[in-house]
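Asker: Kindly return the folded structure for what I paste below:
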Amino acid sequence: MLSLRINITRACNLDCEYCYIGRTNEFLDKAFIVEQVERYRPERVTLTGGEPLLHPQVLDILQYLIQKRIHVNMVTNGTLLNRFGDRLGELAVQSESRGISFSLGISYDGNSKTAIGLLGNLTRLGIKRLKLYIYPFWKDEHELRRLLEIAAKERVAVQLLYPVPLGSQQGYTDYDQWNEYVHQFAAESSRLELEAYYQPNWAELCDIDSVLGSLTDNVSIDSDGLAYECCLLTGLENHLRLELNEKCQWRNNGGCLAITKNQGCDWRLEGHAASAICPVVICRV
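Answerer: Residues are numbered from 1 along each chain as shown. I've put the predicted structure just below:
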């Protein structure tokens, strides 16, 4: 199944610590997006950014995809959902009536108190497919557990956001700390019977054959209109991105192509072999 991921804008109203995408004021026009959908004929489209809800045509784009009977996912920081919630709920109902999925991924940079109202409102609006992306490094153990409890109560899927060593995250990754988080996350998710996802470097926690991401069946289009095999490649500077024609080597233990292009090599391979984690490919716990 071909999946198309489109950065419809790089504009954003937040400056999240974990984000590797540089902000610009580029917006892809709906007519261009329609051209790409007709070209690639995907079964699934993910709209992201930047913050996609800042795009002036975002509701029209969503409506078009639903009319084409394409499974739709949108990744948002959640801060503008109160403004669009009713309309998104209507679109979710339309999708269900057409036999296709409409899902929201919330890349969450808030506290558990805010999450209670946000997730509760969305589920009541009829948006049944929700995933909460959690970046855990700034949260204490109690706060992380509270977020997972909220997700379980609202029947929302969760995924830990792995820190990508690109952009503001260059040079930052701590395998031992991340390993501890993953095992805590897996144990707590199991206790709460959560639908939970993380990177498949921990084979003892999942069946590696259950990997959901596919680096060969994805196309990522950046807000400047350029297309890449992997969404991480869209985070590079133009003088690096324009030369990209190599294939990802992660599945062959060759590290991350985006990091290699940005920094000369995937330096993570020099330490703990398992620390060369791909944040794009995920497993269900």
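Asker: quick one: the strands in the stretch 101-250 of the chain?
Answerer: Taking DSSP state E, counting those that start in this stretch as the test, the strands found in the stretch 101-250 of the chain are 102-108, 129-134, 157-160, 196-198, 218-221, 227-228.
Asker: The third one pairs with which strands?
Answerer: Within its sheet, strand 157-160 is paired with strand 129-134 (parallel), strand 196-198 (parallel), according to DSSP bridges.
Asker: circling back: export the strands of the stretch 101-250 of the chain as TSV, with columns for distance to residue 283.
Answerer: From N, CA and C alone the C-beta is placed, and that goes for glycine too. Shown next, in TSV, are the strands of the stretch 101-250 of the chain (distance: least, Cβ to Cβ, whole Å):
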stretch	distance to residue 283
strand 102-108	16
strand 129-134	14
strand 157-160	10
strand 196-198	7
strand 218-221	16
strand 227-228	23
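Asker: Out of the ones you listed, which is the most enclosed?
Answerer: Greatest average neighbour count among the strands of the stretch 101-250 of the chain goes to strand 196-198 (a mean of 24), per mean count of other Cβ atoms under 10 Å.
Asker: Can you classify the residue nearest to residue 40 when sequence neighbours are not counted by secondary structure?
Answerer: Nearest non-adjacent residue to residue 40, counting by Cβ to Cβ, 6 or more residues apart in numbering: residue 4, 5.4 Å away. Of the three states, residue 4 takes strand under DSSP: H, G, I helix; E, B strand; the rest coil.
Asker: what about residue 4, neighbour count?
Answerer: Neighbour count for residue 4, taken as other Cβ atoms under 10 Å: 23.
Asker: Kindly report the same for the one 4 residues further on.
Answerer: Using other Cβ under 10 Å, residue 8 has 28 other residues around it.
Asker: who touches it in this structure?
Answerer: 27, 28, 33, 47, 48, 49, 50, 52, 55, 58, 61, 223 (Cβ atoms under 8 Å, 6 or more residues apart in numbering).
Asker: can you check residue 184 too?
Answerer: 141, 144.
Asker: quick one on the thing from earlier: I'd like the strands paired with strand 157-160 as a markdown table, with distance to residue 123 and mean pLDDT appended.
Answerer: As requested, the strands paired with strand 157-160 are exported to a markdown table (distance: least, Cβ to Cβ, whole Å; pLDDT from 0 to 100):
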| stretch | distance to residue 123 | mean pLDDT |
| --- | --- | --- |
| strand 129-134 | 7 | 87 |
| strand 196-198 | 18 | 84 |
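Asker: quick one, which of these is nearest to residue 176?
Answerer: Closest of these to residue 176 is strand 196-198, at 15.9 Å (criterion: Cβ to Cβ).
Asker: Please report how far residue 193 lies from residue 34.
Answerer: To residue 34, residue 193 is 41 Å away according to Cβ to Cβ, to the nearest Å.
Asker: So for these two, which residue has more residues nearby?
Answerer: residue 34 (14 against 9).
Asker: Make sure that one is actually in contact with residue 63.
Answerer: No - the pair residue 34 / residue 63 is not scored as a contact, 11.7 Å apart, by Cβ atoms under 8 Å.
Asker: residue boundaries of the helices in the stretch 51-200 of the chain?
Answerer: Using DSSP state H, counting those that start in this stretch, the helices of the stretch 51-200 of the chain run over 58-67, 81-97, 112-124, 141-154, 175-192.
Asker: Format these as TSV; extra columns: distance to residue 20 and mean pLDDT.
Answerer: Conversion of the helices of the stretch 51-200 of the chain to TSV gives the following (distance: least, Cβ to Cβ, whole Å; pLDDT from 0 to 100):
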stretch	distance to residue 20	mean pLDDT
helix 58-67	22	98
helix 81-97	23	91
helix 112-124	23	73
helix 141-154	22	84
helix 175-192	16	83
